[in-house]
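1. what follows is a predicted protein model with its sequence.
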Amino acid sequence: MTMNETGVRDRQATALLVGLELPATYRDGWSAAESLDELARLVDTAGAAVVGREVQSRPSPDVATYIGRGKAEEIELLRRQLEFDFVIFDDELTPVQQRNLEKIIDCQVLDRTAVILDIFALRARTREAKLQVELAQLGYRLPRLTGKGIELSRQAGSAGTVFNRGPGETKLEVDRRRIRDRMATLKRELEEIKAHRDRMRADRRASAVPVVALTGYTNAGKSTLHRALAGSDVLAEDRLFATLDATTRRVEPAEGEPYLLVDTVGFIHNLPHQLVAAFRSTLEEVNQADLLLHVVDASHPKRAEQMATVNRVLEELGAGDKPTLVVYNKVDRVDPAELDHLLHRTPGAVAVAAALGQNLDGLQAAIQQALRDRREVLEALIPYAQSSWVAWVHERGRVLAEEHREEGTYVKVELEKSLAGRLRSALEK
Ligand SMILES: Nc1nc2c(ncn2[C@@H]2O[C@H](COP(=O)(O)OP(=O)(O)OP(=O)(O)O)[C@@H](O)[C@H]2O)c(=O)[nH]1
Ligand SMILES: [Mg+2]
């Protein structure tokens, strides 16, 4: 993270993590401690050392200070002993909460969203990812500009600046206007990139090669599986958000039809909405796919909650009812009896160990089956007056039989179900 910008600090930045233990209804299945475990990994990924954790129980978050004034004062006392650089809250703080907390606790107060944005900024490689992250960062910062100020000179395009607040007063109004202008520019540039992507996607569609997208919680093993199936060299790492860009490779399985396999960005619970919005066009890859592989780290204690999170984000993206194959990964770390139980509960799921190349054949077979299931065999008589559909059928489907009859061309064709529907209604007219 930018905390360790060379020359600025000679030691690793340190952070205290703070979470709230709320009644179950607030907490989509995660306890405060479990969620803090995840935050600790995020903070570690961002490059800071965690020096402690504090959990406060409350019936609901405090509007003014999130954890309550008393607890905030306790943390300030703790800071005087431990001298950490940051206090990081395991939730998105409102701008007011953040300001109030910084008045009580004499160090930088950050939240989970800021950490995730920071990691995204560090990880972004392509131009599109960089623009998307910057847009999300500015959207996060805009309502949080205070008299304390953020150094704008470091902002434009520089990586990982959420943690990096400059000293001194800045002219707030000027800053706000500059941020808004910059956001407008970013949106325009992203629109251009999106138009280009859409054109590429349209070409891909026309080629009729099905698209299979890897989706799932961060660190589930999507990239490892991409490497194993497609022989790609995408980065796979024991880190959160190793992947930010969609990478597509063609897979030619030993049996069955070739397909395009897309590796995508992972999800996490409480994924900042600015990021979902900013990454919409990258996430569109998932929306445009013919089949989703929902990769699950079967060895993770919170796998059920992780699956629920992924399903929620997919719904938000409008991909909730896509044909989906659940892939339980890392089964080398799962007790066989437990795995049996898991597979029993999720009919159609496939168990693999991507890193060990275990059961990839089984997965390939399941992918082929799922791809076939999207298709149907249709018999149609295409009148000569509508003969352009004969060429269409050859282009989009697999023609199994064809015969020129008196009334028109008879075809027996295997087609994607939606395309079969289009042909049927065209011929009915
Ligand atoms: N034990 C075990 N580890 C695995 C397996 N598959 C992947 N891993 C490890 O899990 C970690 C995460 O793998 P990635 O492939 O980077 O995960 P990802 O889903 O692409 O993660 P993000 O890109 O961060 O969303 C890496 O350290 C992998 O080596 C597996 O089958 N067994
Ligand atoms: Mg990845």
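-> Cool, got the structure. Ligands and ions are numbered 1, 2, ... in the order given.
2. tell me the SS of the residue of the chain most remote from its centre?
-> Distance from the C-alpha centroid of the chain peaks at E406, with 54.6 Å (CA atoms, centre = their mean). Under DSSP: H, G, I helix; E, B strand; the rest coil, E406 falls in the coil class.
3. how close does it get to L381?
-> The span separating E406 from L381 equals 10 Å under the rule CB to CB, to the nearest Å. To be clear about C-beta, it is placed using only N, CA and C from the backbone, and glycine gets the same treatment.
4. ok, back up a step: got a pLDDT number for the residue farthest from the centre of the chain?
-> We have a pLDDT of 93 for E406.
5. repeat for V8
-> At V8, pLDDT is 46.
6. could you do R127 as well?
-> According to the per-residue confidence, R127 scores 88 in pLDDT.
7. which ones are touching it?
-> Under the criterion of CB atoms under 8 Å, 6 or more residues apart in numbering, the contact partners of R127 comprise I193.
8. flag every residue of the stretch 151-300 of the chain that's near ligand 1.
-> Taking CB under 6 Å from any ligand atom as the contact definition, the stretch 151-300 of the chain meets ligand 1 at 216, 218-224, 236-238, 240-243, 266.
9. residue of the stretch 151-300 of the chain nearest ligand 1, please.
-> When distances are taken as CB to the nearest ligand atom, the stretch 151-300 of the chain reaches nearest to ligand 1 at G266, 2.5 Å away.
10. what is the neighbour count of that residue?
-> Summarising burial for G266: neighbours were counted as other CB atoms under 10 Å, giving 25.
11. ditto for the one 3 residues further on
-> Applying other CB under 10 Å, we find 20 other residues in the vicinity of H269.
12. try I119
-> Look at I119: counted by other CB under 10 Å, it has 26 neighbours.
13. surely it touches V43?
-> No - with contact defined as CB atoms under 8 Å, I119 does not reach V43; the gap is 9.3 Å.
14. all helices for the stretch 1-150 of the chain, in order.
-> 32-46, 69-82, 95-104, 112-123, 127-141 (DSSP state H, counting those that start in this stretch).
15. save the ones you listed as TSV, and put in distance to K194 too.
-> As requested, the helices of the stretch 1-150 of the chain are arranged in TSV below (distance: least, CB to CB, whole Å):
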stretch	distance to K194
helix 32-46	28
helix 69-82	43
helix 95-104	30
helix 112-123	18
helix 127-141	8
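16. ok, which of the ones you listed comes nearest ligand 2?
-> helix 112-123 (9.9 Å; CB to the ion).
17. related to what we said a few turns ago, which of the helices of the stretch 1-150 of the chain is buried the deepest?
-> helix 112-123 (a mean of 25; mean count of other CB atoms under 10 Å).
18. is that one in proximity to ligand 2?
-> No - shown here: helix 112-123 not in contact with ligand 2 (CB under 5 Å from the ion), separated by at least 9.9 Å.
19. if we can go back for a sec, among the residues of the stretch 151-300 of the chain next to ligand 1, name the ones in strands.
-> Within those, membership in strands is found for G216, as judged by DSSP state E.
20. can you go through the residues of the stretch 151-300 of the chain next to ligand 1 and name the buried ones?
-> Buried subset of those (neighbour count, 16 or more other CB atoms under 10 Å): 216, 218-224, 236, 240-243, 266.
21. so which of the residues you listed reach ligand 2?
-> The subset of these lying close to ligand 2, counting by CB under 5 Å from the ion, consists of 222-223, 242-243.
22. so which elements touch the biggest helix by length in the chain?
-> Scanning the chain for the longest helix, with DSSP state H as the assignment, gives helix 172-206. When contacts are defined as 3 or more CB pairs under 8 Å, 6 or more residues apart in numbering; DSSP states H and E, helix 172-206 packs onto helix 127-141, helix 280-288.
23. chain center to it, what's the gap?
-> The chain centroid and the centroid of helix 172-206 are separated by 19 Å under CA atoms, centre = their mean, to the nearest Å.
24. one more: stretch 366-385?
-> Using CA atoms, centre = their mean, the distance from the centre of stretch 366-385 to the centre of the chain it belongs to is 32 Å.
25. repeat that for stretch 11-21.
-> Per CA atoms, centre = their mean, the displacement of stretch 11-21 from the mean C-alpha position of its chain is 24 Å.
26. for the residue of the stretch 1-150 of the chain found nearest ligand 1, give me its contacts.
-> Taking CB to the nearest ligand atom as the measure, the stretch 1-150 of the chain has R123 as its residue closest to ligand 1, at 8.6 Å. By CB under 8 Å, 6+ apart, the contact list for R123 reads 129, 241-244.
27. let's go with 6 Å and repeat that
-> If a contact means CB atoms under 6 Å, 6 or more residues apart in numbering, then R123 has 241, 244 as its contacts.
28. same question for T218.
-> Residues in contact with T218, defined by CB under 6 Å, 6+ apart, are 240-241, 266, 268.
29. nearest residue to it other than its sequence neighbours?
-> Counting by CB to CB, 6 or more residues apart in numbering, the nearest residue to T218 once its immediate chain neighbours are dropped is G266, at 3.2 Å.
30. do N329 as well
-> Counting by CB to CB, 6+ apart, N329 lies nearest to G221, which is 4.1 Å off, once chain neighbours are set aside.
31. quick one on the thing from earlier: mean pLDDT for the helices and strands packed on helix 172-206: which is lowest?
-> With a mean of 78, helix 280-288 has the lowest mean pLDDT of the helices and strands packed on helix 172-206.
32. from the contact counts, what lies against it?
-> Here helix 280-288 touches strand 211-216, going by 3 or more CB pairs under 6 Å, 6 or more residues apart in numbering; DSSP states H and E.
33. the strand it packs on versus helix 280-288: what angle between them?
-> Angle between the axes of strand 211-216 and helix 280-288 is 120 degrees (criterion: axes from the mean of the first three to the mean of the last three CA atoms, to 10 degrees).
34. strand 211-216: partners in the sheet, and parallel or antiparallel?
-> For strand 211-216, the pairing partners within the sheet under DSSP bridges are strand 259-263 (parallel), strand 291-297 (parallel).
35. will you turn those into TSV that also has distance to N359?
-> Putting the strands paired with strand 211-216 into TSV (distance: least, CB to CB, whole Å) gives the following:
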stretch	distance to N359
strand 259-263	17
strand 291-297	13
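36. JSON lines for the ones you listed, including mean pLDDT?
-> Below are those laid out as JSON lines (pLDDT from 0 to 100):
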{"stretch": "strand 259-263", "mean pLDDT": "93"}
{"stretch": "strand 291-297", "mean pLDDT": "97"}
